[in-house]
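1. fold the following for me, if possible:
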Amino acid sequence: MKLDDEVKNEDYAHDTGTTSCCVLITPTEIYCSNAGDSRAVLCHDNKAYPLSEDHKPDNPGELDRIERSHHTVEDSRVDGNLALSRAFGDFQYKDAKRMGPEHQAVTPFPDVTVRKRIDKKDDYIMLACDGIWDCVTNDQCVEQFSEKYIKKMKSERRDVSYAVEQLFEDILAPNTDDGIGTDNMTAILIMFKNGKSFSD
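-> Numbers count the residues shown, from 1 in each chain. Below is the predicted model:
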């Protein structure tokens with residue numbers, strides 16, 4: 001919230017913004033803080049478990065906040081324009097003068113989840129922006145980094161980062177005519193050393 005307050009006087013922040021999804025990993029727990037439609041997914045025992053929920057304008061809680069701040073949702077977008085409901089910047093949607101920053105149509109106020117770590121069953125966490133999740137489901141993402149696939153890469157002496165590159169190659173649109181696969185794509189793969197998928 002402090003960071004958002006610091007950028008509000010920048011010219012670009014009026015109609016430009018960004019999401020944020022981050023994790024804090026302790027010896028016993030995984031904390032995830034999310035604002036927007038980037039997403040964190042945990043692979044636990046070869047199954048996908050979302051650590052965050054996408055903030056979309058037509059989600060019931062998000063829609064209520066947007067309408068209370070005197071904005072609308074049209075075609076699943078805030079005022080028919082913005083396809084997410086939480087973000088840094090985008091101050092054109094933060095103009096309800098009698099409401100605090102967490103109650104604006106678009107707010108950087110995050111949801112925070114906590115999950116206990118389970119040794120040898122927590123394999124990795126994928127953090128990625130909506131350009132990835134528009135193209136693959138949580139389960140498809142986990143399948144991309146399945147134990148069998150990782151073993152194949154190791155046998156070919158490829159680094160695990162190759163799997164991330166391959167994911168991008170698989171979903172990248174062949175041209176810019178179609179919206180799917182043309183959005184920006186950013187991903188971070190966090191591997192647990194004791195996870196079975198990436199252990200030697």
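2. in a helix, residue 158, correct?
-> No - Residue 158 is assigned coil when assessed by DSSP: H, G, I helix; E, B strand; the rest coil, not a helix.
3. against residue 8, how distant is it?
-> 45 Å (Cβ to Cβ, to the nearest Å). Bear in mind the C-beta positions are built from the backbone N, C-alpha and C, glycine included.
4. state the mean pLDDT of stretch 125-140.
-> Across stretch 125-140, pLDDT averages out at 90.
5. tell me, how many residues neighbour residue 103?
-> 14 (other Cβ atoms under 10 Å).
6. low-confidence ranges in the chain?
-> Within the chain, the stretches with pLDDT under 70 are 146-151, 175-182, 194-200.
7. what comes up buried for the longest helix seen in the chain?
-> Criterion DSSP state H: the longest helix present in the chain is helix 161-171. Of the residues in helix 161-171, 163-164, 167, 171 count as buried by neighbour count, 16 or more other Cβ atoms under 10 Å.
8. same deal with stretch 131-149?
-> Neighbour count says stretch 131-149 has 131-136, 138, 141-142, 144-145 buried, by 16+ other Cβ under 10 Å.
9. now do that stretch: distance to the chain's middle.
-> Averaging C-alpha positions (Cα atoms, centre = their mean, to the nearest Å) puts stretch 131-149 14 Å from its chain's average.
10. kindly report the same for stretch 102-113.
-> How far stretch 102-113 lies from its chain's middle: 14 Å, per Cα atoms, centre = their mean.
11. and the gap between the residue of the chain most remote from its centre and residue 142?
-> Most distant from the centre of the chain: residue 155, at 31.3 Å, with distances by Cα atoms, centre = their mean. Using Cβ to Cβ, one gets 21 Å for the distance from residue 155 to residue 142.
12. next one: residue 160
-> From residue 160 to residue 142 the distance is 14 Å (Cβ to Cβ).
13. with residue 74 instead?
-> In terms of Cβ to Cβ, residue 74 sits 34 Å off from residue 142.
14. which stretches of this structure form strands?
-> Ranges of strands in the chain, per DSSP state E, are 17-18, 20-25, 29-35, 39-44, 47-50, 73-74, 77-78, 88-89, 111-116, 122-128, 187-191.
15. show me how far the fifth one is from its chain's centre.
-> Okay, so that is strand 47-50. 14 Å.
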